[in-house]
Structures are given as C-alpha cells and as structure tokens.
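# Using only what follows, build the 3D model:
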Amino acid sequence: MKYKLALATALLSATIFAGAANAKTFVYCSEGSPEGFDPGMYTAGTTFDASAHPIYNRLLEFKPGTTQPEAGLAESWDISSDGTVYTFKLRPNVKFQTTEFFTPTRALNADDVIFSIGRQIDEKNAWNKYINGASWEYADGMGFPKLIKSIEKVDDLTVKMTLNRPEAPFLANLAMPFASILSKEYADSLDKDGKKEQLNQNPVGTGPFTFVAYQQDAIIRFKKNADYWGTAPKIDDLVFAITSDAAVRYQKLKAGECHLMPFPNAADVQSMKSDPNLQVLEQEGLNIAYLAYNTTQAPFDKPEVRIALNKAINKNAIVDAVFQGMATPATNPIPPTMWSYNNSVKDDTYDLEAAKKMLADAGVKDLSMKVWAMPVSRPYMLNARRAAEIIQDDFAKIGVKVEIISYEWAEYLQRSKAKDRDGAAMLGWTGDNGDPDNFLDTLLGCDAVGGNNRAQWCNKEFDELVKKAKVTSDMAERTKLYEQAQVVFKKEAPWATLDHSLAIVPMAKGVTGFTQSPLGDFTFETVDIAE
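As a prediction, the model looks like this:
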C-alpha cells in the first residue's frame, strides 16, 4: 500500500511538473475510482465523471448548469404526433478519438448509435454480456428493453427510434451518461482480436478529452482531443488524482497539488471560504440520501417494521454531525427543489417509545441487522460511516443490534443490489435529468428491482402511478400522479429517507470556466487556469 501511494504521488508530481513546463494541466482530486470506462454498465457519478463526461458524448447533452437537453451528437430531431417515433439527424464529420490503441477510419454514423443503445436492450446482442457480470442497470431500470421497439438506420446520418408507447422524459433520458455513444468500428476491431473486454478498459469516444492511462485507485490521465467537434478545451491535460479521504483532498487543494475537489468535509467549508487562495461554489443539491431496507427479507418485509425503524432515526443528529447543518432532513424520495414534490406528506416523527411499541406489536424482538455504509464521500452523504454510527446508536435505544459493514466502492455497489442482500444499505442519488421519473421509477420502480432499486420493492400501486406518469405529456397530470406516488411511498416506507444536502465545490482561486451542475456532474471541457 505504501508503495502504491508513493508511486501515485510520484506520477502525479511528474504530471503536474510536465504540464507546467510544456502544457496547461488541470488536476482534479476525485473522490474514488471508476468501476470501468463503459458508462452504459454503471450508475455511479464517480464513474460517469471519469468516463461519460470527458471521453464520450450523447445524442443530446444537458445545457451547462441546467437540466435542459440540447443538441449533442444529434443536431436535430423530429417526434411523431403520437410521441412514439423519434428521428435523429446526426452531426456530419464528428471524429472518434485517435489513441495509442486505436486509429479510426471513419466518422460517427448511425451504426455507432445503434450499437451503443442496442446492446443495452437486446439480450441476444453479441455485446450484451461482453464481460463477466455485465449488466445494463440504467437501461433495465428505466424499462428501455420494453420501451424501445426498434432502432433503425435510415441513412448514415439518420437514426429512427420507435417506442412501444409515448415516454415523456425520453429526450432527457438520452442525454444521460448511460446513453453515451461508443465507436462500433473500435468494438468490431476488439472483437476481431478477441479482446472485447478492452472496451471497458481502453475507451474511445467523441468527447473533449482522450483517454491516456489509468492506474487503479491512483491516477487517470486524459489529454485534449485535438479532433473534438465542439469548442476545444482550454486545458491541454486533465488529471484525476484519486483521493478518497476528504481531508487529504483539502490538503492537496491548499498545497496546489490539485485545482478542484468534490465533497469536502462540512467542518472544513468555513475555513475554505476564508482562504484567499480558494473559491467555493454552492447550490441546493438535487439529491437524496437514504437507507434501503431489503423488503423481501423478514422482518423488513413488513411496512410497520420499517416505519418503526424510521421513527428511531434522529435525522437532525445526522444533519448536524455529518453536514454541520448544510443539509435538511428528507421526507420524500425526491428533493424539495424538484417539481411535483408533495409538501403535504408528513415525515415519521422521531419517537423511540412509539418505535419500540410498533416493533413489539409486529412480533419483533432481539433484532440484529446489518447497516451498510458507503466507503466514499458523496454529495448527499459526506461521511456514511458517521451516519451509520448514529443510526447504530439510535437503533440500540429500541433494542435493535446493528453491525456496520462496508466494501470497496465498486464491490459495494455490486453487492448492495443483490436480491438476497441482508440488512439495510445506505445509498443516495443525485438526479441525472431533472425529471421525477429519474428518482421514482429509476430507484423504486418494479423494473429496477435487482438493480437501482436496492430496496427490492415492487409495489403495484406505486408502480402503476409512476408508469402512467411516464406516458402522460400533461405536466399538471404528471405532477398529480407523482404526488400520489409519494404518499404510497411514505405509507410503505421501503427507505428511511435521510437528507438532502447542499452541493459544495471548492477550487483554486485561479480556476475559471467551471459550471456547477444541478445534476452533480464534474465536467472540465470549459475550465481554464490563470497563468
């Protein structure tokens, strides 16, 4: 371990030194390692920041700083009057990146779009299971295999997608990281060489930065894509210095070893704001932290047991200890800043005596359980271990014994979605497209069981409400349906909703051009550093 850290430090120092002498280098102290570099297979923001955003593009992109989709690789599109046929016109002459391991011979075309989306929705596709354990958690959780009837090539620069039903958030969904467009030509070359797994290790896209190298848990290096179709990045080299400890990230930021960091410890924010060499951005986070009970396992299969446990959690203590007040206790599974938030829903009151009685009435005694705590800082939960310790103490007061467990981040994400997982897993979510569907159906719908639905909760009443909202174009009607779904959620309590946090981004004073995203993304194609 000491050797790995020393090597990482040496590599980083060498990178910064080289950048200072020959090029403009931007160093981002990221909070964790990516699970891989094929965005379609993952859901974690850490992975998207290292893959989808620097390397790839999508048919549509979110306008910086907003949740509004705009033209990306598709320069225009038409939608049929019944809302089921989408025809996309692709930009001409968009080049894929040239790397040490691949040189493209053609520009982006319809084949790349069909390859990138088609493999995620067709189990018979040769690339559907191209590596062990491959799964398309986002596409499956959002019901894409059932939604998309066909994807057809009209001509080289025209793609037609036909849906089995209207889907109100479909365009926004296509702007999300999982819908990134990869090179079919590159995939075909890997297949020919018997190296299909390299698609997830040595990525090729059309994005602003080209992948150079990755050292596990230490450093990722990118360089400016000289052939980028959009506005060229202002920096020449981009470095992700993987630094899991928030305090160490802060020290590196102060020492000038990185230019920007995510997810600071709440206790450090005030000193950051007082430092003349730093600047701090903040905004309301479009997020939720939660504790997902496995509702298929006794006694968590009983709503009254889940509600009893929720009544024992002191959310204010978590907000104070973990966020120093820079968060609010959560009631609903969507944040208050999102349209359709149901203000009439009341939270479970913190009441230890009522919790004890509810457990006794449900026939539960001497309960022992596991609480899973994330090993990384996330915007919605800066210190999961500390929050788990508070929950552990709270549950002990009602006679419930808690064992706190954790795993390395990629393993944590994989294990926590298992249908036979024990206990309650702490996780969270930052909205990926600004639509309530991205929370309510993606995290709690029946299609997401075994994937993003870590509670393994399939409730017919709830599912029918959110599925109906998907196919409704009228905003008022969608709002009404989502408000009703939140009532069902609270009555059934598959989660303990914990908090909604502020999103804080500290950076060096000389950094310009960074736009804080309401979706929690960290993107660097527009950043610059003062000379």
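# what's around the nearest residue to Asp111 once chain neighbours are set aside, how many residues?
In space, Asp111 comes closest to Lys184 once its chain neighbours are excluded; the distance is 4.8 Å by Cβ to Cβ, 6 or more residues apart in numbering. In this view, the C-beta of every residue, glycine as well, is placed from N, C-alpha and C. Neighbourhood size, Lys184 [other Cβ atoms under 10 Å]: 22.
# Can you read off the pLDDT for Lys184?
Note for Lys184: predicted pLDDT of 98.
# Can you tell me how far it is from Ile117?
11 Å (Cβ to Cβ, to the nearest Å).
# Pull the contacting residues for Phe462.
With contact set as Cβ atoms under 8 Å, 6 or more residues apart in numbering, Phe462 has these partners: Leu444, Gly445, Ala485, Val488, Phe489, Glu492.
# Recalculate using a threshold of 10 Å.
Applying Cβ atoms under 10 Å, 6 or more residues apart in numbering, one finds that Phe462 lies in contact with 440-441, 444-446, 484-489, 491-492, 494.
# what's the answer for Phe170, then?
If you count contacts by Cβ under 10 Å, 6+ apart, then Phe170 has Pro69, Ile79, Gly83, Thr84, Tyr86, Met142, Phe144, Leu147, Ile148, Met161, Leu163, Lys470 around it.
# quick one: least confident of the residues you listed?
Ranking the contacts of Phe170 by pLDDT puts Met142 at the bottom, with 84.
# and the closest residue to that residue other than its chain neighbours, which of the three is it?
Nearest residue to Met142, sequence neighbours excluded (Cβ to Cβ, 6+ apart): Thr442, at 5.9 Å. Three-state assignment for Thr442 (DSSP: H, G, I helix; E, B strand; the rest coil): helix.
# Thought Thr430 was touching Thr442, still the case?
No. Using Cβ atoms under 10 Å, Thr442 is not in contact with Thr430, being 11.9 Å away.
# The two: which is more packed in?
A count of neighbours by other Cβ under 10 Å puts Thr442 above the other of Thr442 and Thr430, at 28 against 22.
# On the pLDDT front, check Asp432 for me.
Reading off the model, Asp432 has pLDDT 87.
# er, Glu137 actually
Model confidence at Glu137 (pLDDT) stands at 89.
# need the next SSE after the helix or strand of the chain with the lowest mean pLDDT, C-terminal direction.
Least confident helix or strand, the chain: helix 2-22 with a mean of 44, by mean pLDDT, DSSP states H and E. As assigned by DSSP states H and E, the chain's next helix or strand after helix 2-22 is strand 25-28.
# Quick check: what element follows that following strand along the chain?
Next element after strand 25-28 (DSSP H and E): helix 45-50.
# Tell me which other helices or strands the next helix or strand after that next one touches.
Downstream of helix 45-50, the first helix or strand assigned by DSSP H and E is helix 52-55. When contacts are defined as 3 or more Cβ pairs under 10 Å, 6 or more residues apart in numbering; DSSP states H and E, helix 52-55 packs onto helix 45-50, strand 209-215, strand 219-224.
# so where's the chain uncertain?
The model of the chain has pLDDT under 70 over residues 1-22, 531.
# Might one say that Lys63 is in contact with Ala172?
No. Counting by Cβ under 10 Å, Lys63 does not reach Ala172; the two are 11.5 Å apart.
# shared neighbours of those two, anything?
Contact criterion Cβ under 10 Å, 6+ apart; residues shared by Lys63 and Ala172: Pro69.
# Thanks again, I'm all set now.
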